[in-house]
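Colleague: Let's see this in three dimensions:
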Amino acid sequence: MAKIVWTDQATVEIRDILDYISKDSRRYAISQIRRIQGATKILKSKPLAGRTVPELGDQTIRELIEGNYRIVYRVKDVELIEILTVHHTARDFQSRLFG
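Modeller: The predicted structure is shown next:
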C-alpha cells in the first residue's frame, strides 16, 4: 500500500477551501473537505486510479475529480503518492500549479 503525503501547498489549499465555504456553511465546508480527503484513499491501493493531467502530459502527475475540485497528485513510486494541489475547476489551473 502506498503512503499518501499532502504537500504544504495542498494543505494550505484545503484550509482555504474550508475557510471560504465556511462563510456560508461550516457544516457543508467540513463535508466537502471530507469528500476531497476521502477521494484520495483509493490511491493507497490503486495509485494510477486517476487520469493523467491533460495540460501536462506527464504520466506521473495525475488527477482525481471530486465535485468541482481537481485533486492533482504525483506518483513518486508504488510506495509514495504526493498530493500536489486541490484546485477548484473554475480557477486557472496552470497558475495554481506553477504560480
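Colleague: beta partners for the residue most central in space within the chain?
Modeller: What sits nearest the mean C-alpha location of the chain, by Cα atoms, centre = their mean, is I71, with 2.3 Å. Beta-bridge pairing of I71 under DSSP bridges involves L64, V86.
Colleague: Would you agree it is in contact with L64?
Modeller: Yes. At 4.5 Å, I71 counts as touching L64 under the criterion of Cβ atoms under 8 Å. Using the backbone N, CA and C atoms, a C-beta is placed for each residue, glycine as well.
Colleague: Now do the shared contacts for these two.
Modeller: Residues touching both I71 and L64 (Cβ atoms under 8 Å, 6 or more residues apart in numbering) are A39, T40, G50.
Colleague: Mind checking which of the residues you listed land in helices?
Modeller: When these are checked against helices (DSSP state H), the matches are A39.
Colleague: can the shared contacts of I71 and L64 go into JSON lines with extra columns for pLDDT, distance to D8 and neighbour count?
Modeller: Output for the shared contacts of I71 and L64, formatted as JSON lines (pLDDT from 0 to 100; distance: Cβ to Cβ, whole Å; neighbours: other Cβ atoms under 10 Å):
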{"residue": "A39", "pLDDT": "96", "distance to D8": "20", "neighbour count": "18"}
{"residue": "T40", "pLDDT": "97", "distance to D8": "16", "neighbour count": "20"}
{"residue": "G50", "pLDDT": "95", "distance to D8": "21", "neighbour count": "22"}
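Colleague: Can you list the low-confidence ranges for this structure?
Modeller: Within the chain, the stretches with pLDDT under 70 are 91-99.
Colleague: can you give me phi and psi for the closest residue to E82 other than its chain neighbours?
Modeller: Distance criterion Cβ to Cβ, 6 or more residues apart in numbering; nearest residue to E82, sequence neighbours excluded, is R74 at 4.6 Å. As for R74, its main-chain torsions (degrees, to the nearest 10) stand at phi -120, psi 130.
Colleague: from memory R74 sits against Q59, does it?
Modeller: No. R74 is beyond contact range of Q59, at 10.4 Å (criterion: Cβ under 8 Å).
Colleague: These two: which is more packed in?
Modeller: The residue with more neighbours, out of R74 and Q59, is R74; 17 against 10, by other Cβ atoms under 10 Å.
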